[in-house]
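Peer 1: Show me how the following folds:
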Amino acid sequence: MKKRKQQVAALPYRIDPHGKLKLLLVTSRDTGRWVLPKGWPMKGRRPHEAARIEAFEEAGIDGKVSKKAVGKYDYHKDGEIPCRVQVYPLRVAALRDEWPEMGQRRREWHGPAEAADLVEERDLKALLRSFSAVFELSSQDGS
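Peer 2: Residues are numbered from 1 along each chain as shown. Got it, this is the predicted structure:
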């Protein structure tokens, strides 16, 4: 069995004007599937910082990323390379009109349940569905 490669992802979120939690998904460059902005760890950067950088490059997101992962999920990159992805919540402050991969991806806001229905990985589906409960708890304790 191949050793799992480590990746980091941002889970971009905001509260809409109606007080509802919204999650931002992006399309992958190769297949156009809905995914979280993610990538490989970066030398000299902590994992949450690398996740923030990926979110900017892939979706034009500016915001504050949590130092603590909210969860993880496994998938096979390109159908072959086993990867474990640590997911870091990122509160979106702004979306840029231009960003490095803007011509290669789309981005869209969705509620947690709808976002979960759009992604393919089972563990990621569960993480997105449960994020609203985790978010509510962390909002109450001030973290």
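Peer 1: Report the mean per-residue pLDDT for the strand or helix carrying Leu128.
Peer 2: For Leu128, the host element (DSSP states H and E) is helix 122-140. Averaged over helix 122-140, pLDDT sits at 78.
Peer 1: Val85 reaches Lys5, doesn't it?
Peer 2: No - checked against CB atoms under 8 Å, the pair Val85 and Lys5 is beyond contact range at 9.6 Å. Any C-beta I mention is one placed from the backbone N, CA and C, and that applies to glycine too.
Peer 1: So which of the two has more stuff around it?
Peer 2: Val85 (26 against 13; other CB atoms under 10 Å).
Peer 1: distance of that one from Leu124?
Peer 2: 8 Å (CB to CB, to the nearest Å).
Peer 1: what do those two both touch?
Peer 2: Residues touching both Val85 and Leu124 (CB atoms under 8 Å, 6 or more residues apart in numbering): Leu36, Tyr73, Tyr75.
Peer 1: now Pro17: how far from Trp99?
Peer 2: From Pro17 over to Trp99 the distance is 24 Å, taken as CB to CB.
Peer 1: between the two, who's got more neighbours?
Peer 2: Per other CB under 10 Å, whichever of Pro17 and Trp99 has more neighbours is Trp99, with 18 against 6.
Peer 1: which ones are touching the residue lying closest to that one once chain neighbours are set aside?
Peer 2: Take Trp99 and drop its neighbours on the chain: the residue closest to it by CB to CB, 6 or more residues apart in numbering is Gly60, 3.1 Å away. By CB under 8 Å, 6+ apart, the residues touching Gly60 are Leu95, Arg96, Asp97, Glu98, Trp99, Met102, Arg107.
Peer 1: Give me the mean pLDDT for the one helix or strand Val8 maps to.
Peer 2: Per DSSP H and E, Val8 falls inside strand 5-15. Strand 5-15 carries an average pLDDT of 97.
Peer 1: Check which residues of the helix or strand that contains Val87 are buried.
Peer 2: Using DSSP H and E, Val87 sits in strand 81-95. Residues of strand 81-95 classed as buried: Cys83, Val85, Gln86, Val87, Tyr88, Pro89, Leu90, Val92, Leu95 (neighbour count, 16 or more other CB atoms under 10 Å).
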